[in-house]
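> Would you be able to build a 3D model of this:
(one chain, ligands or ions: 2)
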Amino acid sequence: MIVLGIESSCDETSVAVLKDGTVLSNLISSQDFHINFGGVVPELSSRAHIQIISSLVKEALAKAGCSLDDIDVIGATAGPGLIGALLVGYTFARGLAYAKKKIFVPVNHIEGHIFSGFLMEVKPIFPLLVLAVSGGHTLLLLAKSFTEIIKLGSTVDDAAGEAFDKVAKMIGLGYPGGPKIQAAAENGNNRKIQFPIADMKGKYDFSFSGVKTSVLRYIQSAFGAPKTTLIPEEQLNDIAASFQFAVVRALIDKCELALKNFEVASLSLVGGVAANEELRKSFFQLGAKYKKKVVIPKLEYCGDNAAMIAFRAQSLILAGEKFSIESDAFPNFSSKYFINASL
Ligand SMILES: Nc1ncnc2c1ncn2[C@@H]1O[C@H](COP(=O)(O)OP(=O)(O)OP(=O)(O)O)[C@@H](O)[C@H]1O
Ligand SMILES: [Mg+2]
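Ligands and ions are numbered 1, 2, ... in the order given. A predicted model of the protein is given here:
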């Protein structure tokens, strides 16, 4: 089965070709100009997707050595994401599928992230504990199969990536926050400041607004109002390292609790924040402690990419799900395969 995947939910336009689960091409065009605005500007994002999508599809097909006629299935992100940005990739893909009479699969972006570990050579095994950490989501899930995903917990406020981005802005590191905090943290002392880890009522839930406020209070009391340029580099690095330590601890603690209470065959860490080196290291250590197989996608598959969208489309087709191009599945902001468990 050859699948063409298209992703345009935020500030990455991506097109991929997958043959029987193997990635033949996965092109990602990032809209770096948002840096000038301190965050993604939705209208500009949509326009940039439109400008590049057609040539990116051609390029991805050429790199894969395929033509549109060789494609069996076209999968595109149908949400969640920025509506205008989503519409570009979704309608482009649906139009192609319509014209070429291909099976069209609307893909939930988060489901794409959840199963992105399957793009790796060594695959996860069900039942699978998934920690999905991105700019908009923080989810702890127990996937029993490609179509049965038990939601154990989620964030009650900020997503982990959002907390990285907001704290980076607060301390003057700028956007995108995650990689910048990670870089600053490499030269800092992660035990210098004790930022709190929220103790949640929902056993597997997360909260990051407390740690974020606590960073704000700290810089206010140590350096006056957040005139971020006044923070000396050494202290800035310590704040970044201590903040990163608190977030990683909070995430790993909940995964460990889930491992104690559920029998799983493997663990997977996915989403943009899965690029974080400290988190990757701690997640591997957790797997080793519980003697479980750990699969973390390579960096190319952590952030937004179309290979994960194509894989998700393929997994749904192989699971026997049926799709009609006439039925409008747009937008798709909540996964129909999530089972809310009372824990
Ligand atoms: N090295 C890193 N450390 C921590 N966070 C990181 C790192 N690299 C990227 N991130 C964070 O990952 C997030 C982007 O991930 P992703 O592209 O998956 O999110 P999104 O697509 O915006 O949100 P969602 O997938 O929930 O819709 C940003 O918040 C970014 O700061
Ligand atoms: Mg994403």
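> Quick one: residues contacting the most centrally placed residue in the chain.
Nearest to the mean C-alpha position of the chain, counting by Cα atoms, centre = their mean, stands Gly271 at 2.5 Å. Shown in contact with Gly271 (Cβ atoms under 8 Å, 6 or more residues apart in numbering): His113, Ala132, Val133, Ser134, His137, Gly161, Cys302. C-beta coordinates here come from the backbone N, C-alpha and C atoms, glycine included.
> ok, now which ones touch Thr13?
Counting by Cβ under 8 Å, 6+ apart, Thr13 touches Glu7, Ile28, Ser29, Gln31, Ala48, His49, Ile52, Ile53, Leu56, Val88, Gly89.
> Repeat that for Phe37.
By Cβ under 8 Å, 6+ apart, the residues touching Phe37 are Leu44.
> before we move on, back to that, which of the contacts of Gly271 fall in helices?
Judged by DSSP state H, helices contain the following of those: His113, Gly161.
> If we check ligand 1, which of the contacts of Gly271 are in contact?
Of the residues in the contacts of Gly271, proximity to ligand 1 by Cβ under 6 Å from any ligand atom holds for His113, Ser134, His137, Gly161.
> Counting neighbours, which of those comes out on top?
With neighbours defined as other Cβ atoms under 10 Å, the most crowded of these is His113; it has 29 neighbours.
> for the helix or strand that contains Leu236, packing partners?
Using DSSP states H and E, Leu236 maps to helix 233-261. Counting by 3 or more Cβ pairs under 8 Å, 6 or more residues apart in numbering; DSSP states H and E, the packing neighbours recorded for helix 233-261 are strand 128-133, strand 138-145, helix 160-170, helix 177-185, helix 209-223, helix 277-289.
> Okay, angle between that helix and strand 128-133 too, please.
Orientation check (axes from the mean of the first three to the mean of the last three Cα atoms, to 10 degrees): helix 233-261 against strand 128-133 gives 150 degrees.
> Quick check, Ile171 in contact with Tyr218.
No. Counting by Cβ atoms under 8 Å, Ile171 stays clear of Tyr218, with 9.6 Å between them.
> Settle it for me: which of those two has more neighbours?
Remark: of Ile171 and Tyr218, Ile171 carries more neighbours, 25 against 18, as counted by other Cβ under 10 Å.
> any idea of the pLDDT on the closest residue to Phe330 other than its chain neighbours?
Take Phe330 and drop its neighbours on the chain: the residue closest to it by Cβ to Cβ, 6 or more residues apart in numbering is Ala78, 5.1 Å away. At Ala78, the model reports a pLDDT of 97.
> Briefly note if the helix or strand harbouring Ala78 comes near ligand 2.
Per DSSP H and E: Ala78 is located in strand 73-79. No. Residues of strand 73-79 are not located near ligand 2 by Cβ under 5 Å from the ion, the shortest gap being 9.0 Å.
> Check which helices and strands that strand is in contact with.
strand 2-7, helix 83-100, strand 103-108, helix 109-114, helix 306-318.
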